[in-house]
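Novice: got a predicted structure here, sequence first:
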Amino acid sequence: MMSKVPATVITGFLGAGKTTLVRHLMENNQGKRIALIVNEFGDKGVDGELLASCGITGCAEDAIIELANGCLCCTVADEFLPTIQSLLERANPPDHILIETSGLALPKPLVKAFHWPEIRSKVTVDGVIAVVDAAAVADGRFADSPEAMAQPDHDNPLEEVFEDQLACADLVLLNKTDLLHPDTVAQVHQQVAQDLRAGIKVVRTSKSAIDPRVVLGLSAAAEDDLAARPSHHDAEDGHDHDDFTSFAIALASIADIEALEERILDAIATHDILRLKGFLAVEGKPARAVIQAVGTRLERWFDRPWKSDEVRTGHLVVIGRTGLDRAAIERAIGG
Ligand SMILES: Nc1nc2c(ncn2[C@@H]2O[C@H](COP(=O)(O)OP(=O)(O)OP(=O)(O)O)[C@@H](O)[C@H]2O)c(=O)[nH]1
C-alpha cells in the first residue's frame, strides 16, 4: 500500500509564532521536501509574502501556497481540497505538508476535511501543533474580566478560539518564554495544561525554535479521533466570523518611521487592536521594512531589498474584535 503523506496543522492565536515556527521547520528541513499551505484572516496576505522572501536553500518557489481571504476551516471544499490534491499530483510531491492556519481559525473543521474520500487514502494529519503566546496568556489576554463574567449570556470569542485550538492539539509549544520570568512561565504552563487532552505534552520555546523531529512525525492520525477533541462549536455546522474583523491600510513611502511607529502603538492601545502587520517603504531606504505588532509589542526590521520593478508603497493589515473604528484608526496611523 502507498504510504500516506503526513500533514501537520499549525494552529495558535494571532501572533503566537506560527510563521516563525514554519520558517524554522523549513530552514531545518533535513532534506525533506516540505510544502506549505498558509491561510490568513483578511484579504492581504503577509505571512506567505514574508516566507517567500526567506531565502531558504531547498525551498522551491512553488513550495508555498497562499490561500488568502477567508477562513480555511470554512472554505475547505472550495479551496483547500483542490490545493491538497494538486500538491499530491505534482511530479515531485512533497514529503511533508505544513498547513499554517489563521490565528482565528478553528483546527477541528480542517482536520475533519481529511475524511474526504478524495484525499483520505493519500494524506493523514500527522499532528496538530498549537503555538501559544505565553506572554499573552500571562497578560490575561484570553481570560474574562470579572465584569464580563458577571454579564448574562456573555461569551468571549477570544477565549473560545484559544480553547478550541488547545483542545485539538497533539503537541503544544509554549512560545515567547523569553519575555517572561521562569516562575511566570511555570504558572502559564500549568494554566494551559488544564485545557489539554490527557497526555498532551507542552514544550517551552522561544522564537518557536524546536527540533523538527519533535514536531514532525507524530503519526497522530488526528482525523481518526476527532471525537476526542472537543470544540465550543461542535453543535454548529461552521462558525461565523462576525466576532472579528480585518482591513488593510495603504501607506505611501514613509519619511519618519519612528513617528509612524508611535502612532501605530497609540492606535493599538486606543482601539484594542489584536494584531497588526505589514510592509512599509521608507524614504531613502533600499529595503522593504516589516512591521509586526502583537498587542502592544512591536517589532520592525528590513527583510529584503525592493525589486527594481516593485512599486515602493506599504500596507498594514489590522485585525481586531468587530466594532473596530476603521476610519479613526486610518486617521491615527495615516498621520
Ligand atoms: N519575543 C518573542 N517574540 C516572538 C517569539 N516568537 C515570535 N515572536 C514575534 O512575534 C511576532 C508574531 O510572530 P509570527 O510568527 O508572525 O506569529 P503568527 O502566529 O504567525 O501570527 P499570525 O499569522 O498573524 O497569527 C513577530 O514579531 C515575531 O518575531 C518569541 O518566542 N519571543
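Specialist: Okay, I see it.
Novice: tell me the strands beside the longest strand seen in the chain, with direction?
Specialist: If you go by DSSP state E, the chain has its longest strand at strand 123-133. In the sheet, strand 123-133 lines up against strand 5-11 (parallel), strand 171-175 (parallel) (DSSP bridges).
Novice: OK, contacts around the closest residue to residue 126 other than its chain neighbours?
Specialist: What sits nearest to residue 126 in space, not counting adjacent residues and going by C-beta to C-beta, 6 or more residues apart in numbering, is residue 6, at 3.5 Å. C-beta here means a position set from N, CA and C on the backbone, and glycine is covered the same way. Neighbour list for residue 6: 96-97, 123-126, 216-217, 219 [criterion: C-beta atoms under 8 Å, 6 or more residues apart in numbering].
Novice: over to residue 24?
Specialist: Counted by C-beta under 8 Å, 6+ apart, residue 24 has contacts 207-210, 212.
Novice: need the helices for the chain, in chain order.
Specialist: 18-27, 47-52, 81-88, 107-112, 117-120, 134-138, 146-150, 157-167, 182-193, 212-215, 257-271, 326-334 (DSSP state H).
Novice: just put these in JSON lines and tack on distance to the ligand and mean pLDDT.
Specialist: Shown next, in JSON lines, are those (distance: least, C-beta to the nearest ligand atom, whole Å; pLDDT from 0 to 100):
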{"stretch": "helix 18-27", "distance to the ligand": "3", "mean pLDDT": "94"}
{"stretch": "helix 47-52", "distance to the ligand": "5", "mean pLDDT": "74"}
{"stretch": "helix 81-88", "distance to the ligand": "18", "mean pLDDT": "89"}
{"stretch": "helix 107-112", "distance to the ligand": "13", "mean pLDDT": "90"}
{"stretch": "helix 117-120", "distance to the ligand": "24", "mean pLDDT": "87"}
{"stretch": "helix 134-138", "distance to the ligand": "7", "mean pLDDT": "96"}
{"stretch": "helix 146-150", "distance to the ligand": "23", "mean pLDDT": "60"}
{"stretch": "helix 157-167", "distance to the ligand": "11", "mean pLDDT": "92"}
{"stretch": "helix 182-193", "distance to the ligand": "11", "mean pLDDT": "97"}
{"stretch": "helix 212-215", "distance to the ligand": "14", "mean pLDDT": "95"}
{"stretch": "helix 257-271", "distance to the ligand": "13", "mean pLDDT": "95"}
{"stretch": "helix 326-334", "distance to the ligand": "17", "mean pLDDT": "95"}
